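K.L.:
return atomic coordinates for the entry below.
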Amino acid sequence: MRRPLFTLIGAALAALLTACASAPGNFSYTAPDQPEAASGITAKPGWATSKFAVAAANPLATDAGYRC
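P.N.:
Model (predicted):
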């Protein structure tokens, strides 16, 4: 009873692997356009502190940094 099942599964696997191994007939690749060039640097205001600073994206991480 198990022998025909294994044979059927093996045949199905062989068919799938054969279908995946064949190369497509009309495959062509074109290189994508290059991204636009950099437009320069924009000055942004900075921050200054004399004691300490904590910065994090997660509010819990910011609180943990403040408590340390």
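
K.L.:
next SSE after the longest helix along the chain?
P.N.:
Counting residues, the longest helix found in the chain (DSSP state H) is helix 2-21. Next helix or strand after helix 2-21 toward the C-terminus (DSSP states H and E): helix 59-67.

K.L.:
where in this structure is pLDDT low?
P.N.:
Residue ranges of the chain with pLDDT under 70: 1, 22-24.

K.L.:
repeat the analysis, applying 80 as the threshold.
P.N.:
Counting by pLDDT under 80, the chain contains low-confidence ranges at 1-2, 19-28, 36, 38-39.

K.L.:
report how many residues lie close to A37.
P.N.:
Using other Cβ atoms under 10 Å, A37 is surrounded by 6 other residues. Using the backbone N, CA and C atoms, a C-beta is placed for each residue, glycine as well.

K.L.:
how about N26?
P.N.:
Neighbours of N26 under the rule other Cβ under 10 Å: 4.

K.L.:
ok, the one 10 residues further on next?
P.N.:
The criterion is other Cβ under 10 Å. On that basis, E36 has 6 neighbouring residues.

K.L.:
let's see the longest helix of the chain as CSV, backbone CA atoms only.
P.N.:
Taking C-alpha atoms only, helix 2-21 is exported to CSV below (Å, rounded to 0.1, in the frame of the first residue of the first chain):
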residue,chain,number,x,y,z
ARG,A,2,2.8,2.4,0.8
ARG,A,3,4.8,1.5,-2.3
PRO,A,4,2.3,3.0,-4.8
LEU,A,5,2.0,6.2,-2.7
PHE,A,6,5.8,6.7,-2.7
THR,A,7,6.0,6.1,-6.4
LEU,A,8,3.2,8.6,-7.1
ILE,A,9,4.9,11.2,-4.9
GLY,A,10,8.3,10.5,-6.5
ALA,A,11,6.8,11.0,-10.0
ALA,A,12,5.1,14.2,-9.0
LEU,A,13,8.4,15.5,-7.5
ALA,A,14,10.3,14.6,-10.7
ALA,A,15,7.7,16.4,-12.8
LEU,A,16,7.9,19.5,-10.7
LEU,A,17,11.7,19.5,-10.8
THR,A,18,11.7,19.0,-14.5
ALA,A,19,9.3,21.9,-15.0
CYS,A,20,11.4,24.2,-12.8
ALA,A,21,14.7,23.2,-14.5
